[in-house]
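Trainee: no sequence on hand, only this structure:
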């Protein structure tokens, strides 16, 4: 089995984000809509009130399956590192038509109250965690954060 690298994970997450954004936001409902009547629709179109918004094509079922798989990788980042999860999730959102990130590094930095270079390091660290988990590496963690000191027992903290 070939090992998975960071470039592959980033590519798949960005593809998943583009697929997610290409999914239609609304669907058919059971209630009657006034604009669904042919007479009303024709009247609106005749006065030029149509919006020319470019919509990406609806993704195929294969792309949706790959999206589900790739978005399932984000929970491989430990729960206590929720900021890293947010960074990876936000950075994976890519516009399906323009291929531009919805959250550039500087915008993420402002949202998190951090420098954009720090956000880039956090993203790389989180992708490294995902790569290790997918490759089955059993090291404790990719992070260079020191481990928590052992907690003193109740007896040591509150002597009789």
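Mentor: Cool, got the structure. These numbers come from a predicted model, not from an experiment.

Trainee: where exactly do the strands run in the chain?
Mentor: Here the chain has no strands by DSSP state E.

Trainee: mind listing what's buried along the longest helix anywhere in the chain?
Mentor: Under DSSP state H, the helix in the chain containing the largest number of residues is helix 116-135. For helix 116-135, the neighbour count (16 or more other Cβ atoms under 10 Å) marks 119, 122-123, 125-133 as buried. Any C-beta I mention is one placed from the backbone N, CA and C, and that applies to glycine too.

Trainee: sort out which residues of stretch 55-66 are buried, please.
Mentor: For stretch 55-66, using 16+ other Cβ under 10 Å, the buried residues are 59, 63-64, 66.

Trainee: nearest to residue 93 among the buried residues of helix 116-135?
Mentor: residue 123 (12.9 Å; Cβ to Cβ).

Trainee: now do the helices in this structure.
Mentor: Using DSSP H, helices in the chain cover 6-22, 38-46, 61-71, 82-91, 105-112, 116-135, 154-157.

Trainee: what's the least confident stretch among the ones you listed?
Mentor: Lowest mean pLDDT within these: helix 154-157, a mean of 44.

Trainee: is it true that residue 4 touches residue 131?
Mentor: Yes. Using Cβ atoms under 8 Å, residue 4 makes contact with residue 131 at a distance of 5.8 Å.

Trainee: could you double-check that residue 102 sits in contact with residue 89?
Mentor: No. Using Cβ under 8 Å, residue 102 makes no contact with residue 89, being 10.9 Å away.

Trainee: next one: residue 57 from residue 89, what distance?
Mentor: Residue 57 sits 24 Å away from residue 89, going by Cβ to Cβ, to the nearest Å.

Trainee: please apply the same query to residue 96.
Mentor: 17 Å.

Trainee: first-to-last residue distance for stretch 74-94?
Mentor: Chord length of stretch 74-94, first to last residue, is 16 Å (Cα to Cα, to the nearest Å).

Trainee: got a list of contacts for that stretch?
Mentor: Where contact means Cβ atoms under 8 Å, 6 or more residues apart in numbering, the residues beyond stretch 74-94 that reach it are 13-18, 20-21, 70-71, 100-103, 108, 111-112, 119, 122-123, 125-127, 129-130, 133-134, 141, 143.
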